[in-house]
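Asker: this one's structure only:
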Ligand SMILES: NC(=O)c1ccc[n+]([C@@H]2O[C@H](COP(=O)([O-])OP(=O)(O)OC[C@H]3O[C@@H](n4cnc5c(N)ncnc54)[C@H](OP(=O)(O)O)[C@@H]3O)[C@@H](O)[C@H]2O)c1
């Protein structure tokens with residue numbers, strides 16, 4: 001079968017399309033014919049050797065995917081031919097991932113493709129929606145009517161947060177460096193959009209807010225953005241630290257945290273256990289269905305384009321970048 005695989009950590013260009021043996025599912029695992037897999041920045045960190053608990057090369061990454069059951073797990077709830085998507089676990093971290101024609105996946109981490117959703121949408125949704133859900137609901141304690149600031153709002157996690165805020169009745173301030181993507185974020189439901197590349201981005205956000213205050217921040221960027229988020233949050237606000245695309249390190253003004261009684265909290269989608277992820281996913285799907293929205297698919301690449309797909313992800317997509325192994 002075909003798979004994206006790297007033999008040495010380092011450059012993302014080490015990831016290549018290869019012929020590899022089909023995986024043999026272990027106990028409790030189903031063999032899934034992957035039709036669409038979604039890229040995440042974490043896949044690049046893993047190829048670069050910067051991801052904890054990563055499998056040793058040669059290794060196939062890929063943490064999001066949807067397809068059909070080829071071989072069911074013994075005594076499991078899915079049968080051959082069922083359409084499924086992956087909700088999490090160690091697939092693509094320490095066991096071979098979804099950038100392949102087939103993947104052996106623990107059944108407990110699979111969910112049925114939601115009714116009416118395409119396989120593309122089911123591959124695009126889980127990791128980013130479950131991350132945004134953790135930031136907004138599980139850890140962030142979002143209240144209806146609150147205002148949420150989303151940095152890196154056009155990306156996978158950002159667009160998922162914008163969608164979920166709309167479904168949860170929260171207001172959204174979405175930041176993006178691109179005018180085109182700011183327009184798309186407005187169409188997606190963002191109440192206020194601000195140019196993240198502006199020198200006076202904080203002043204622009206404050207001006208657009210007027211008397212409105214930011215209770216919760218979904219912070220996807222790190223670097224200088226963490227302190228900006230702390231400065232923009234209202235006293236008693238929560239800053240959920242999700243990503244680090246603009247820098248692994250950040251300086252925080254300690255006085256801000258103290259005087260504003262801020263809660264700054266890191267979170268990982270890997271903290272879900274299977275039952276918790278399945279329950280969160282059901283609630284996410286219910287809310288999005290009620291609102292008539294779906295995960296955003298930015299683009300679909302072919303299996304012979306791993307470098308193009310990751311280069312496009314690095315440019316900043318609008319939603320999710322997929323690869324079609326179909
Ligand atoms: N904690 C967790 O469990 C968890 C889970 C998933 C992802 N993450 C992390 O969260 C971060 C975001 O992930 P994602 O999937 O949303 O990424 P993504 O799809 O690549 O999108 C991120 C967006 O951020 C903006 N951006 C990228 N680099 C930037 C920079 N240097 N400065 C300012 N803006 C920048 C871009 O938007 P514009 O071009 O529109 O400005 C881009 O579309 C990543 O670091 C990822 O590893 C963490």
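Answerer: Arrived safely. Given the structure is predicted, the values throughout are model-derived calculations rather than measurements.
Asker: Please count neighbours and contacts with C-alpha atoms only from this point.
Answerer: Will do.
Asker: Get me the contact residues on the stretch 1-150 of the chain for the ligand.
Answerer: 40, 41, 42, 128, 131 (CA under 6 Å from any ligand atom).
Asker: Which residue ranges of the stretch 1-150 of the chain form strands?
Answerer: All strands of the stretch 1-150 of the chain, identified by DSSP state E, counting those that start in this stretch, fall at 2-5, 16-19, 29-38, 64-71, 83-86, 102-106, 110-112, 147-150.
Asker: Name every strand pairing with the third one and say which way it goes.
Answerer: Based on DSSP bridges, the strands next to strand 29-38 in the sheet, each with its direction, are strand 64-71 (antiparallel), strand 102-106 (antiparallel), strand 320-324 (antiparallel).
Asker: can you name the farthest residue from the center of the protein?
Answerer: Taking CA atoms, centre = their mean, the residue of the chain most remote from its mean C-alpha position is residue 259, at 32.2 Å.
Asker: what are the phi and psi values for that residue?
Answerer: Dihedral pair for residue 259: phi -70, psi -30, per degrees, to the nearest 10.
Asker: again with residue 146
Answerer: Dihedral angles (degrees, to the nearest 10) for residue 146: phi -70, psi 160.
Asker: Quick check, it in contact with residue 173.
Answerer: No: the criterion here is CA atoms under 8 Å, and residue 146 misses it with residue 173 at 10.9 Å.
Asker: And those two? Which one has more around it.
Answerer: residue 173 (24 against 17; other CA atoms under 10 Å).
Asker: which SS state does that one fall under?
Answerer: Under DSSP: H, G, I helix; E, B strand; the rest coil, residue 173 falls in the strand class.
Asker: picking up where we left off before, mind giving me a markdown table with the strands of the stretch 1-150 of the chain and columns for distance to residue 222, mean pLDDT and mean neighbour count?
Answerer: A markdown table is the format used below for the strands of the stretch 1-150 of the chain (distance: least, CA to CA, whole Å; pLDDT from 0 to 100; neighbours: other CA atoms under 10 Å):
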| stretch | distance to residue 222 | mean pLDDT | mean neighbour count |
| --- | --- | --- | --- |
| strand 2-5 | 29 | 98 | 23 |
| strand 16-19 | 29 | 98 | 16 |
| strand 29-38 | 23 | 98 | 27 |
| strand 64-71 | 23 | 98 | 26 |
| strand 83-86 | 27 | 98 | 26 |
| strand 102-106 | 32 | 98 | 26 |
| strand 110-112 | 31 | 98 | 20 |
| strand 147-150 | 12 | 98 | 27 |
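Asker: could I get these as CSV with distance to residue 326?
Answerer: Shown next, in CSV, are the strands of the stretch 1-150 of the chain (distance: least, CA to CA, whole Å):
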stretch, distance to residue 326
strand 2-5, 11
strand 16-19, 15
strand 29-38, 4
strand 64-71, 9
strand 83-86, 13
strand 102-106, 10
strand 110-112, 18
strand 147-150, 33
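Asker: show me the contacts for the residue farthest from the centre of the chain.
Answerer: Residues near residue 259 by CA atoms under 8 Å, 6 or more residues apart in numbering: residue 235.
Asker: Do a quick rundown of the helices in the stretch 151-300 of the chain.
Answerer: For the stretch 151-300 of the chain, helices defined by DSSP state H, counting those that start in this stretch occupy the ranges 156-168, 179-188, 201-209, 225-232, 254-259, 274-291.
Asker: Among the strands of the stretch 1-150 of the chain, which comes closest to residue 300?
Answerer: When those are compared for distance to residue 300 using CA to CA, the nearest one is strand 29-38, at 8.6 Å.
Asker: ok, now which ones touch the residue positioned nearest the centre of the chain?
Answerer: For the chain, residue 128 is the residue whose C-alpha lies nearest the centre (CA atoms, centre = their mean; 2.3 Å). Counting by CA under 8 Å, 6+ apart, residue 128 touches 156, 157, 160.
Asker: Could you do residue 47 as well?
Answerer: 6, 8, 9, 10, 11, 12, 14, 15, 61.
Asker: go with 10 Å
Answerer: Residue 47 is in contact with 5-15, 54, 57, 59-61, counting by CA atoms under 10 Å, 6 or more residues apart in numbering.
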